[in-house]
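S.K.: sharing a model that was predicted from the sequence below.
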Amino acid sequence: MSNLDSAEYVLTTTRSVRKRLDLQRRVDRSLVEDCLDIALQAPNGSNMNTWKWVLVDDPASIRRIAELYELALNDFVVSLGDATGDNYQGAHIPGFERIDASVDYLRQHLAEVPVIVFPLMAGRPEGASVFYQASMWGSVLQAAWSFFLALRTRGLGSAWTTAHLMREAEFADLLGIPPQYTQTGLFPVAYTIGTDFKRAWRAPVSDVASWNQFQS
Ligand SMILES: Cc1cc2nc3c(=O)[nH]c(=O)nc-3n(C[C@H](O)[C@H](O)[C@H](O)COP(=O)(O)O)c2cc1C
């Protein structure tokens, strides 16, 4: 049994892969579809299967996606105003500089990834009640994360990104996504260079969980 057959190993070592995406190796459509088939076993509201998944492997589309992603990331930085550099609220998280360099690497190389996956949820969050919003997001994000885990078991990886949503309308236009759908992420998919990923830093359970009553 390889490590990748252990649920705990896969759950604790499925990282955001950017610098270790193998940009030289092509990925068969059938492999992506197999991982999605596994992912679609995730729960979803009333089992209505309202999710949609746009799988992109057309090189011209990927190049355009990369251009838009870059513009969207710039928009994000501009939206931060003074909250950049040392003022960025993530700047003091352990490993921040490594993450920052990795985010930048993906920005520079997104045009070279073999496949990009966009999970969509049916409906729009604007003005919806918290109940409807939770039901909508909850009916696609579990499957989205299962997709990452399935990729990991097969030697592939991805990075969860949302920065592109600064330009959601332009992405919808490019991919022909109708206005009643919401994009929930942009996942570059490739084989990983090696499969030996590690646990990451997280705030410990004792800092973030409390029994019976909320504790700040
Ligand atoms: C909701 C969400 C949005 C994210 N957006 C981006 C993004 O736009 N670009 C990016 O490179 N990484 C993005 N990330 C990846 C995080 O930076 C990453 O999960 C975090 O640094 C922890 O690293 P790890 O996933 O390897 O443990 C996002 C992650 C989540 C969950």
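M.R.: Cool, the structure landed.
S.K.: residue closest to the middle of this structure?
M.R.: Centroid-nearest residue in the chain, with CA atoms, centre = their mean: Trp160, separated by 1.9 Å.
S.K.: phi, psi for that one please.
M.R.: Backbone torsions for Trp160, taken as degrees, to the nearest 10, come to phi -70, psi 120.
S.K.: need the pLDDT of it.
M.R.: Listed pLDDT for Trp160 reads 98.
S.K.: got it, and Ala83?
M.R.: For Ala83, pLDDT reads 83.
S.K.: and the contacts of the lengthiest strand in the chain?
M.R.: Using DSSP state E to assign secondary structure, the strand with the most residues in the chain is strand 115-122. Contact with strand 115-122 is made by 27, 32, 36, 50-57, 62, 65, 110, 136-137, 139-141, 143-144, 147, 158, 171, 175, 177, 180-190, as judged by CB atoms under 8 Å, 6 or more residues apart in numbering. From N, CA and C alone the C-beta is placed, and that goes for glycine too.
S.K.: among these, which are in strands?
M.R.: Going by DSSP E, the strands hold 52-56, 181-183, 187-190 from the contacts of strand 115-122.
S.K.: which residues of the chain lie near the ligand?
M.R.: 15-16, 99, 103, 106, 159-163, 200 (CB under 6 Å from any ligand atom).
S.K.: which of these are buried?
M.R.: Neighbour counting over those (16 or more other CB atoms under 10 Å) leaves 15-16, 106, 159, 161, 163 as the buried ones.
S.K.: of those residues, which belong to helices?
M.R.: Leu106 (DSSP state H).
S.K.: hmm, Phe96 is touching Gly90, no?
M.R.: Yes - Phe96 lies in contact with Gly90 (CB atoms under 8 Å); the separation is 5.8 Å.
S.K.: and the residues of the chain next to the ligand, which two are the farthest apart?
M.R.: Farthest-apart pair in these is Ala163 and Ala200; separation 19.6 Å (CB to CB).
S.K.: what kind of secondary structure is Phe197 in?
M.R.: What DSSP: H, G, I helix; E, B strand; the rest coil gives for Phe197 is coil.
S.K.: which stretches of this protein have low pLDDT?
M.R.: For the chain, applying pLDDT under 70 flags the ranges 1-2.
S.K.: hmm, 90 instead?
M.R.: Low-confidence segments of the chain, defined by pLDDT under 90: 1-2, 77, 80-96.
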